[in-house]
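Visitor: Pasted the sequence and its predicted model underneath.
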Amino acid sequence: MLDTNTILNTCYETTSYLRAIAGYSHIIPVILSLILGIFVIIKAKSTLFSKIFLAFVTVFSLWLIGDVIIWTSNNYYLVYALWSFLLYFEIVFYVLGLYFAIIF
């Protein structure tokens, strides 16, 4: 049987001095990119370019939120679940980035 008291989140333990700045380095870009994405879709009258850009920014923001949870959470099981799930966001992020570059 696995003893849950001995499981250690090494990211959490080895980066204790960086946890305070991790929130600022992730949440500020999330807010600014979502504001920019909404601004572009309002000004561009919902063109394909603006929709792809908003989707790109939204996936980027979700990826950043998951990343900040991984770096600041002490719950090993939450980190384990999110870490594998964030790979799907990265794939969508790269595909949308390529599609955005082709359209641009």
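Guide: Done, it's in.

Visitor: Where in the chain is the helix or strand with the lowest mean pLDDT?
Guide: helix 10-14 (a mean of 60; mean pLDDT, DSSP states H and E).

Visitor: residue ranges of the helices in the protein, please?
Guide: 10-14, 19-43, 48-72, 76-103 (DSSP state H).

Visitor: Take these and lay them out in TSV including mean neighbour count.
Guide: The C-beta positions use only the backbone N, C-alpha and C, and glycine is treated the same way. Shown next, in TSV, are the helices of the chain (neighbours: other CB atoms under 10 Å):
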stretch	mean neighbour count
helix 10-14	12
helix 19-43	13
helix 48-72	18
helix 76-103	13
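
Visitor: lowest-confidence stretch among those?
Guide: Set side by side, these give their lowest mean pLDDT on helix 10-14, at a mean of 60.

Visitor: my guess is Val92 contacts Val59, does it?
Guide: Yes. Using CB atoms under 8 Å, Val92 makes contact with Val59 at a distance of 5.2 Å.

Visitor: Report the spatially nearest residue to Ser61, omitting neighbours in sequence.
Guide: Counting by CB to CB, 6 or more residues apart in numbering, Ser61 lies nearest to Val30, which is 4.5 Å off, once chain neighbours are set aside.

Visitor: meant to ask about Ala44
Guide: Using CB to CB, 6+ apart and skipping the chain neighbours, the partner closest in space to Ala44 is Ser50 (3.8 Å).

Visitor: shouldn't the one you found be in contact with Val40?
Guide: Yes. Between Ser50 and Val40 there is a contact at 5.0 Å, judged by CB under 8 Å.

Visitor: separation between Phe53 and Ala22?
Guide: According to CB to CB, to the nearest Å, Phe53 stands 26 Å off from Ala22.

Visitor: ditto for Gly37
Guide: From Gly37 to Ala22 the distance is 23 Å (CB to CB).

Visitor: Phe89 versus the residue nearest to Ser61, what's the distance?
Guide: Following CB to CB, the distance that separates Val30 from Phe89 is 13 Å.

Visitor: No more questions from me, cheers.
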